[in-house]
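A.B. asks: need a structure here:
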Amino acid sequence: MHYLPLYVNPSSLNFVVIGAGSVAARKVEMLINAGIKPQVISLQAEAEIEIWHQ
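C.D. replies: Sure thing, here's the model as predicted:
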């Protein structure tokens, strides 16, 4: 999927992703590409997510 199935103004919302595995990494990447800085909640994170955090 190369789009977000949402029609919202992201600047007025907070986005949270629960988990940080490979599926969450894809969702976080989509959000970042849409100009959104999501909050990720997880005990451990994939390397991609840790890189985006820095």
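
A.B. asks: so where's this protein shaky on pLDDT?
C.D. replies: Residue ranges of the chain with pLDDT under 70: 1, 4, 6, 54.

A.B. asks: ok, now which ones touch the residue sitting furthest away from the middle of it?
C.D. replies: Farthest-out residue of the chain from its mean C-alpha position, per CA atoms, centre = their mean: Tyr7, at 16.5 Å. By CB atoms under 8 Å, 6 or more residues apart in numbering, no residues touch Tyr7. From N, CA and C alone the C-beta is placed, and that goes for glycine too.

A.B. asks: go on, Val17?
C.D. replies: 24, 27-28, 31, 38-41.

A.B. asks: Identify the residues contacting Gln32.
C.D. replies: To be clear, residue 32 is Ile; Gln isn't right here. Ile32 touches 38, 52, counting by CB under 8 Å, 6+ apart.

A.B. asks: would you list every one of the helices in this protein?
C.D. replies: 22-33, 47-53 (DSSP state H).

A.B. asks: contacts for the last one?
C.D. replies: Put plainly, it is helix 47-53. Residues contacting helix 47-53 (CB under 8 Å, 6+ apart): 20, 24-25, 28-29, 32, 40, 42, 45.

A.B. asks: among these, who's most crowded?
C.D. replies: Within those, Val28 tops the neighbour count with 25 neighbours, counted by other CB atoms under 10 Å.

A.B. asks: is it true that it touches Lys37?
C.D. replies: No: Val28 is not in contact with Lys37 according to CB atoms under 8 Å; the separation is 9.7 Å.
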